[in-house]
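Novice: what follows is a predicted structure for the sequence shown.
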Amino acid sequence: MFSGKIEDYILFEDKEIIVCRKPAGIAVQNARIGAMDLESSLKNYLAMRAGDEGKMPYLAVIHRLDQPVEGVLVFAKTPKAAKGLNTQITNGKMEKIYLAVTYGRPDTRACETEAGHDENKSKSVVLEDYLKKDGRTNTSAVVNAGTTGAKKARLSYKVLGEAVDKISGKKKWLLRIHLDTGRHHQIRVQMAHAGMPLAGDRKYGTGTNVTIGSGSLALCAASLTFSHPVTGRIMKFETKPEGSGFAEFQM
């Protein structure tokens, strides 16, 4: 939840865009009645600064994070900026890097974490699946290719380290995930399907016979890179995860 002012979560702002850090537990938009979401908080902030609280300013949601996920998001303050950023997403030009923790052992090809090993030379493991969303339950599932309504989902991951959970005594792994597509609950669904449900993911981790722990969801949108929609300048923003699931790893 928000602690302090919304300004404390803004990483960058100019006339065209706002980049901010979303804390876990806050919805990006359309929160339940009576609960403040990130979009509304930012609009109120912009309206108050302009001295016209009765008129809501333009603010476009470009991409989203699930409510339990923390990390970096960019919003557009003008239609021109929104068009430019949406085009980058459509063309795969916006790079999204996530950090996640799993109790399920990753593919050994990505587990090259011995002392002295150069992480950049380790192999990325690619996961490709077809996902279908169920709007009634707000969940997605891996289905066969050719299933009506299914969309291809692709991501790759590397192992950054492993640790022993202080409470359960079980091993867990820190992963760096590169998201190539932006499907509904994609990382959570694909990782669980591969036998690596994320720590704290009680929506997709149950029934996998893998410990998921009792803490919050260990998933953070840690890095976002894109071209400024007006100036064209390459912009990169990073944040460190604050969730309890990351506590045993040095960031």
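Specialist: Nice, I can see it.
Novice: ok, and what's touching the lowest-mean-pLDDT helix or strand in the chain?
Specialist: The element with the least model confidence among the helices and strands of the chain, by mean pLDDT, DSSP states H and E, is helix 38-50, at a mean of 89. With C-beta atoms under 8 Å, 6 or more residues apart in numbering as the test, helix 38-50 has contacts from 2, 6-7, 18, 20, 22, 26-29, 31, 53-57, 59, 61, 73, 75, 77. Heads up, the C-betas are built off the backbone N, CA and C, glycines and all.
Novice: tell me where the stretch 1-150 of the chain has strands.
Specialist: Assignment of strands within the stretch 1-150 of the chain using DSSP state E, counting those that start in this stretch yields the ranges 10-13, 17-22, 60-61, 70-76, 95-102, 125-134, 139-143.
Novice: sketch out the low-pLDDT regions of the protein for me.
Specialist: In the predicted model of the chain, residues 1-4, 31-35, 52-54, 108-122 satisfy pLDDT under 70.
Novice: what segments of it are helices?
Specialist: Along the chain, counting by DSSP state H, helices occupy 38-50, 79-90, 186-193.
Novice: turn the ones you listed into CSV, including mean neighbour count and distance to Asn209.
Specialist: What follows is the helices of the chain, written out as CSV (neighbours: other C-beta atoms under 10 Å; distance: least, C-beta to C-beta, whole Å):
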stretch, mean neighbour count, distance to Asn209
helix 38-50, 17, 35
helix 79-90, 16, 36
helix 186-193, 23, 11
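Novice: next, format the ones you listed as CSV and append distance to Leu224.
Specialist: CSV is the format used below for the helices of the chain (distance: least, C-beta to C-beta, whole Å):
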stretch, distance to Leu224
helix 38-50, 15
helix 79-90, 11
helix 186-193, 15
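Novice: Ser227: which of these is closest?
Specialist: Each of these has some distance to Ser227 by C-beta to C-beta; the shortest is helix 79-90, at 6.5 Å.
Novice: if any of the contacts of helix 38-50 are buried, put those into a PyMOL selection.
Specialist: The buried subset of the contacts of helix 38-50, as determined by 16 or more other C-beta atoms under 10 Å, is captured in PyMOL by this line:
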select buried, resi 6+18+20+22+26+27+28+31+59+61+73+75+77
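Novice: list the contacts of the nearest residue to Thr78 once chain neighbours are set aside.
Specialist: Take Thr78 and drop its neighbours on the chain: the residue closest to it by C-beta to C-beta, 6 or more residues apart in numbering is Glu16, 5.4 Å away. Under the criterion of C-beta under 8 Å, 6+ apart, the contact partners of Glu16 comprise 76-78, 80-81, 228-230.
Novice: cool, and Asp134?
Specialist: The neighbourhood of Asp134, defined by C-beta under 8 Å, 6+ apart, consists of 140-141.
Novice: any idea what it is bridged to?
Specialist: In this structure, Asp134 bridges to Thr139 when assessed by DSSP bridges.
Novice: residues touching Phe75, list them.
Specialist: By C-beta under 8 Å, 6+ apart, the contact list for Phe75 reads 17-20, 39, 42, 59-62.
Novice: looking at these, spot the one nearest Ala247.
Specialist: The shortest gap between Ala247 and any of those belongs to Cys20, at 23.8 Å (C-beta to C-beta).
Novice: looking at it, the closest one is touching Lys5, isn't it?
Specialist: No - counting by C-beta atoms under 8 Å, no contact exists between Cys20 and Lys5, whose distance comes to 11.9 Å.
Novice: partner strands of the lengthiest strand in the chain and their direction?
Specialist: Assignment by DSSP state E gives strand 151-164 as the longest strand of the chain. Partner strands and pairing direction for strand 151-164 (DSSP bridges) are strand 125-134 (antiparallel), strand 171-179 (antiparallel).
Novice: which of those strands is buried the deepest?
Specialist: When neighbours are counted by mean count of other C-beta atoms under 10 Å, the highest per-stretch mean among these falls to strand 171-179, a mean of 21.
Novice: how close does His178 get to Ala60?
Specialist: Distance, His178 to Ala60, using C-beta to C-beta, to the nearest Å: 25 Å.
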